[in-house]
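# have a look at this prediction, sequence included:
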Amino acid sequence: MDWEVKIETKLKDGILDPQGKAVKTGLKQLGYDNVGSVYVGKYLELILDDIPNQAKAEDMVIDMCEKLLANPVIEDYKYELTKVER
Amino acid sequence: MKAGVVTFPGSNCDQDVYNVLNNIFDLETDMIWHKDKKLNHYDLVVLPGGFSYGDYLRSGAIARFSNIMESVIDYANQGGLVLGICNGFQILLESDLLPGAMKVNDNLKFVCKNVQLKVTNNNSPFTNQYNKEEIIEMPVAHGEGNYYIDPKRLKNLKINEQILLKYKNNEENPNGSIENIAGICNKEKNVFGLMPHPERCSEEIISPGASDGYRMFSSIIEEVKVRGEKLVR
């Protein structure tokens, strides 16, 4: 079974994000005064080939996030897993 | 004394470090390719500055998994001296050889200039030729040098005297790093990472009147000498 994985990483809440702060300033300039906080994150899409079940695929994704795709010291991640229909 | 300088794809200060070690200090120095698995015997391994793997994902994140790093981590865990400069510092953080992480500079700019630094601890293999609290000058050149560490680990850094270099004050801090930190070592003090570039200010012809980097390398040589004498005794 093949799986499509969508992963988002972003700085943990409470850690000041310089990029988010700059984007917020830009939005304010445009008149969006209601913007509270902005975090800029990363978005990754990957395809996993030949993984027999969802649990195995999830384990793999978590492992990849912890080891490489996110830096657990400062970043949170979340993922979405869907089976690729042929 | 023998030194090794690792070249990752995208390293661009490796030859500068080689020049300082080999031509200025006359040390036997090897260039080590990132694909090598085995590390020969060295008294010092340097992870140089640059943009390993294009800084993709996060600075240093991909270099951390190159073949040679497993051996570098073993070498460090056995007490070998490791110096990580700029991108090398980022790789040491990603490898968990040093605590904390790098964020994008507060002002979102790539900062390339000389900054004033304070030697906060001169009792280390990397700073023993400076005076404590001495103000020195070195160039920085980075976009992600905004050092972050959580309050609990920051406290440990202080208790263990792991902060070796700070930017002199808030005005001199080019990136917004926590407590103006510019360079830290591990608890055992054999692994040191810093954002400034000592190799770019180690000879008068390149940085007239500001060759404070020289003593970082002479500190390491002194340490290796002392270690050697201990072995003989």
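Nice, I can see it.

# show me where chain A has its strands.
Taking DSSP state E as the test, the strands found in chain A are A:3-11, A:42-48, A:75-83.

# hey, which of those is tucked in deepest?
Scoring these by mean neighbour count under mean count of other Cβ atoms under 10 Å in any protein chain shown gives strand A:3-11 as the most buried, with a mean of 18. All C-beta atoms are positioned from the backbone trio N, CA, C, and that covers glycine.

# would you list the strands of chain A in a markdown table and tack on mean pLDDT?
Output for the strands of chain A, formatted as a markdown table (pLDDT from 0 to 100):
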| stretch | mean pLDDT |
| --- | --- |
| strand A:3-11 | 97 |
| strand A:42-48 | 97 |
| strand A:75-83 | 96 |
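
# among these, single out whichever gets nearest to residue B:175.
strand A:3-11 (15.5 Å; Cβ to Cβ).

# circling back to that earlier point, can I get the strands of chain A in a markdown table with distance to chain B?
Listed next are the strands of chain A as a markdown table, based on distance: least, Cβ to the nearest Cβ, whole Å:
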| stretch | distance to chain B |
| --- | --- |
| strand A:3-11 | 7 |
| strand A:42-48 | 8 |
| strand A:75-83 | 8 |
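
# among the ones you listed, which comes closest to residue B:3?
Between the strands of chain A, strand A:75-83 lies closest to residue B:3; by Cβ to Cβ that is 34.1 Å.

# next one: the closest one to chain centre, how far?
In this view, strand A:75-83 has its centroid 7 Å away from the chain centroid, taken as Cα atoms, centre = their mean, to the nearest Å.

# hmm, back to that, just put the strands of chain A in CSV and tack on distance to residue B:222.
Listed next are the strands of chain A as CSV, based on distance: least, Cβ to Cβ, whole Å:
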stretch, distance to residue B:222
strand A:3-11, 40
strand A:42-48, 43
strand A:75-83, 39
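
# quick one, which of these is nearest to residue B:9?
Among the strands of chain A, strand A:42-48 sits nearest to residue B:9 (Cβ to Cβ), with 21.0 Å.

# other SSEs contacting that closest one?
Contacts defined by 3 or more Cβ pairs under 8 Å, 6 or more residues apart in numbering or on different chains; DSSP states H and E place strand A:42-48 against strand A:3-11, helix A:54-64.

# export these to TSV and append columns for distance to residue B:141.
Listed next are those as TSV, based on distance: least, Cβ to Cβ, whole Å:
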stretch	distance to residue B:141
strand A:3-11	24
helix A:54-64	31
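
# tell me the confidence at residue B:232?
Note on residue B:232: pLDDT of 67.

# closest one to residue B:54 among the strands of chain A?
Comparing the strands of chain A under Cβ to Cβ, the one sitting nearest is strand A:42-48, at 14.5 Å.

# tell me the residues of chain A that contact chain B?
A:11, A:15-19, A:22, A:42, A:67-69, A:71, A:73-74 (Cβ under 8 Å from any Cβ of the partner chain).

# take the longest helix along chain B, keep the C-alpha atoms, and write them as CSV.
Longest helix in chain B, counting residues (DSSP state H): helix B:214-232. Output of helix B:214-232 as CSV, limited to C-alpha atoms (Å, rounded to 0.1, in the frame of the first residue of the first chain):
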residue,chain,number,x,y,z
TYR,B,214,44.6,33.5,16.2
ARG,B,215,44.5,32.8,19.9
MET,B,216,41.5,30.5,19.5
PHE,B,217,43.7,28.2,17.5
SER,B,218,46.7,28.7,19.8
SER,B,219,44.4,27.8,22.7
ILE,B,220,43.7,24.5,21.1
ILE,B,221,47.3,23.8,20.4
GLU,B,222,48.1,24.6,24.1
GLU,B,223,45.4,22.2,25.2
VAL,B,224,46.8,19.4,22.9
LYS,B,225,50.3,20.1,24.3
VAL,B,226,49.0,19.8,27.9
ARG,B,227,47.1,16.6,27.1
GLY,B,228,50.2,15.1,25.5
GLU,B,229,52.3,15.9,28.6
LYS,B,230,49.7,14.3,30.8
LEU,B,231,49.9,11.1,28.7
VAL,B,232,53.7,11.0,29.0
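
# list the helices and strands that helix packs on?
strand B:81-85.

# for the next helix or strand after the strand it packs on, packing partners?
Using DSSP states H and E, the next helix or strand after strand B:81-85 towards the C-terminus is helix B:87-94. The contact analysis (3+ Cβ pairs under 8 Å, 6+ apart) places helix B:87-94 against strand B:44-47, strand B:81-85, strand B:101-103, strand B:191-194.
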